[in-house]
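Chemist: coordinates for the following, if possible.
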Amino acid sequence: MKRHIDFTQGKIVEPLLQFAVPVLLALFLQALYGAIDLAIVGQFSSPADVSAVGTGSQIMMTITGLVTSFAMGLTILLGQRIGEGQMESGGKVIGCGIVLFAAIGAFLTVVIVLFSGSITQILHAPEEAFELTRLYVLICGSGSLAIVGFNFIAAVFRGLGDSRTPMITVLIASIFNVAGDILLVKVFRMGASGAAAATVAAQLLGVIISLFLIRTSGLPFEMNRGMIRLDKEIVRHIVILGVPIALQDFLVGISFLIILAIVNTLGVTASAGVGVAERVCTFIMLIPSSFMQSMSAFASQNKGAGKYDRALKALWLAVGTSTLFGVVMFFISFFHGDLLASLFSADSEVIRAAADYLKAYGIDCLLTCFLFCFIGYFNGMGMTTFIMIQGIAAAFLIRVPAAWFFSRLRPVSLFYIGLGIPMSTVMQIILCFIALRVQQRRLTAPQ
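Modeler: Model prediction:
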């Protein structure tokens, strides 16, 4: 069965969905890592453990997002080379990436393990949950090599137009994670620490499975040990494409951590509520995220082939398709947030706080299906610096100031604090329209 999709010819919607659906399933399964942690801890441990997993997993999600975003540079470069027909350079790109990402994984391991306490302190984790949060971050940080390795391999497959292999890998690892959570949290009553240990073990298993699948299925080009070395030119291209995406996602993640720190000052119930809401959000944002990754792969191949009109047409088709799902997710999260939150906590006060915060995310669902398709398109076209600028501007000019302002009002409402999220998304969409208009003028201008 052919796994690698050629986006440069034939139909648009069918291959886009063929790629997006496995990405969606993989993202769903990946989200289960933290969700299962939170759900099982919420059912069998204390609110302090729930707060620890909520805050700690948010930290790890930010770091993982940083790695995934930087790896997008490799995905785009590989996709562009394939679109250009330079299949022979694929092995060199992957070999260079192995060395580069191994170094990143080792660096993150050292930093997180050494500074887990400082990181937890910066986020103002509630006093009764501080040590639990620190241990969660410490244990997860010790598995940074596995986290980086898995995301690197997934980026390679996406660059090749293969989204099914990462899905299979995550499926197996997720099953292992569920078993680990039940054993360590429910049976041995290890709370947040048990959830972290299960997550690390599952990530390591994911890397092993990915390497096995590569060995058995092979790559569509030559790959040998001699190619596993740093290449200055390849590193330069990966950095140019990946650093703006990573920096943007990292700072945007920091903005959400700042909001979490603001909420943490309101007490353990509010902290646990927002932690639960953020976990729910990882699921309701899966569809726009899958379209974003699909658009990146689609646009990068067509840019390499010089088919800019085809990439633009795919953008509008993706926007229309994903927005249909956005309407459904808005209704569920805005009007039935309590039902979603009850999946991750048995505490009525925590559920009430999470539902209040989810109303703001419900509004954002109507907007992000639109925005994420734009981000995927611009990333695939190599306009990653623009994506960085608009993301950072929205985060620190609107999202964080709005959260701080609403947190000062009395009585405090988590819904109002969360309103900064859709407000910042509106700004990003406006900037994307402006950038698209400028790009189209340049492409149609006489040479």
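
Chemist: show me which residues of stretch 240-257 are buried.
Modeler: Going by neighbour count (16 or more other CB atoms under 10 Å), the buried part of stretch 240-257 is 241-257. (C-beta placed from N, C-alpha, C; glycine too.)

Chemist: restricted to helices, list those residues.
Modeler: In this view, those that belong to helices under DSSP state H are 241-257.

Chemist: mean confidence for the strand or helix carrying Ile175?
Modeler: Assigned by DSSP states H and E, Ile175 belongs to helix 164-181. Averaged across helix 164-181, the pLDDT comes to 85.

Chemist: tell me the angle the very next helix or strand once past it makes with helix 164-181.
Modeler: Per DSSP H and E, the first helix or strand lying C-terminal to helix 164-181 is helix 191-217. For helix 191-217 against helix 164-181, the angle by axes from the mean of the first three to the mean of the last three CA atoms, to 10 degrees is 150 degrees.

Chemist: start the count at 504 instead of 1 going forward.
Modeler: All right, first residue 504 from here; so that's helix 694-720.

Chemist: how distant is helix 694-720 from the center of its chain?
Modeler: Centroid separation for helix 694-720 versus its chain: 17 Å, with CA atoms, centre = their mean, to the nearest Å.

Chemist: mind listing what's buried in that helix?
Modeler: 694-710, 712-713, 716-717.

Chemist: stretch 851-859 now?
Modeler: Val853, Ile854, Ala856, Ala857, Ala858, Asp859.

Chemist: which SSE is the fourth one in?
Modeler: Counting by DSSP H and E, the element that carries Ala857 is helix 851-883.

Chemist: return the set of buried residues in that helix.
Modeler: Those would be 853-854, 856-883, for helix 851-883 by 16+ other CB under 10 Å.

Chemist: which is the next helix or strand following that helix?
Modeler: Following helix 851-883 toward the C-terminus (DSSP H and E): helix 887-897.

Chemist: could you point out which element follows that next one?
Modeler: As the chain continues past helix 887-897, the following element, by DSSP H and E, is helix 903-910.

Chemist: chain neighbours aside, what residue packs nearest to Leu934?
Modeler: In this structure, Leu934 finds its nearest non-sequential neighbour in Gln893, 4.3 Å apart by CB to CB, 6 or more residues apart in numbering.

Chemist: let me know the pLDDT of that neighbour.
Modeler: 91.

Chemist: you'd agree it is up against Cys935?
Modeler: Yes. If you go by CB atoms under 8 Å, Gln893 and Cys935 touch, sitting 6.8 Å apart.

Chemist: the two: which is more packed in?
Modeler: Per other CB atoms under 10 Å, whichever of Gln893 and Cys935 has more neighbours is Gln893, with 24 against 20.

Chemist: so who does that one touch?
Modeler: Gln893 makes contact with Met930, Gln931, Leu934, Cys935, Ala938 under the criterion CB atoms under 8 Å, 6 or more residues apart in numbering.

Chemist: count residues in the vicinity of Gly809, would you?
Modeler: Using other CB under 10 Å, Gly809 has 11 other residues around it.

Chemist: and it, backbone torsions?
Modeler: Main-chain torsions, Gly809, degrees, to the nearest 10: phi 80, psi 20.

Chemist: quick check: it vs Leu946, distance?
Modeler: 11 Å (CB to CB, to the nearest Å).

Chemist: could you list the residues in contact with stretch 541-555?
Modeler: Around stretch 541-555, the neighbours that count as contacts under CB under 8 Å, 6+ apart are 556-557, 560, 628-629, 631-632, 635-636, 638-639, 684-685, 688-689, 692, 694-695, 698, 771-772, 774-775, 778-779, 782, 846-850, 853.

Chemist: now do the buried residues in it.
Modeler: Using 16+ other CB under 10 Å as the test for burial, stretch 541-555 gives 541-545, 547-555.

Chemist: dump that stretch to PDB, restricted to CA.
Modeler: The C-alpha coordinates for stretch 541-555 follow below in PDB (Å, rounded to 0.1, in the frame of the first residue of the first chain):
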ATOM      1  CA  LEU A 541      -5.700  13.900  34.300                       C
ATOM      2  CA  ALA A 542      -8.800  11.700  34.100                       C
ATOM      3  CA  ILE A 543      -7.400   8.900  36.200                       C
ATOM      4  CA  VAL A 544      -5.700  11.200  38.600                       C
ATOM      5  CA  GLY A 545      -9.000  13.100  38.900                       C
ATOM      6  CA  GLN A 546     -10.900  10.000  39.800                       C
ATOM      7  CA  PHE A 547      -8.400   8.300  42.100                       C
ATOM      8  CA  SER A 548      -6.300  11.200  43.600                       C
ATOM      9  CA  SER A 549      -6.700  14.500  45.300                       C
ATOM     10  CA  PRO A 550      -7.400  18.000  43.800                       C
ATOM     11  CA  ALA A 551      -3.800  18.800  44.600                       C
ATOM     12  CA  ASP A 552      -2.700  16.000  42.300                       C
ATOM     13  CA  VAL A 553      -5.100  17.200  39.600                       C
ATOM     14  CA  SER A 554      -3.600  20.700  39.900                       C
ATOM     15  CA  ALA A 555      -0.100  19.200  39.700                       C
END
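
Chemist: roughly how far is it from the heart of the chain?
Modeler: Going by CA atoms, centre = their mean, where stretch 541-555 is centred and where its chain is centred differ by 23 Å.

Chemist: same question for it, mean pLDDT?
Modeler: Mean predicted lDDT for stretch 541-555 stands at 82.

Chemist: just the buried residues of the strand or helix carrying Ala817, please?
Modeler: Using DSSP H and E, Ala817 sits in helix 811-838. Applying a neighbour-count criterion of 16+ other CB under 10 Å, one finds 811, 813-815, 817-818, 820-822, 824-826, 828-829, 832-833, 835-837 buried in helix 811-838.

Chemist: quick one: average confidence on the helix or strand that it is followed by?
Modeler: Where DSSP H and E defines the elements, the next helix or strand beyond helix 811-838 is helix 840-844. For helix 840-844, mean pLDDT is 86.

Chemist: hmm, Leu733 is touching Cys599, no?
Modeler: Yes. The pair Leu733 and Cys599 qualifies as a contact (CB under 8 Å) at a distance of 5.9 Å.

Chemist: more neighbours: which of those two?
Modeler: Using other CB under 10 Å as the criterion, Leu733 and Cys599 rank with Cys599 on top: 23 against 13.
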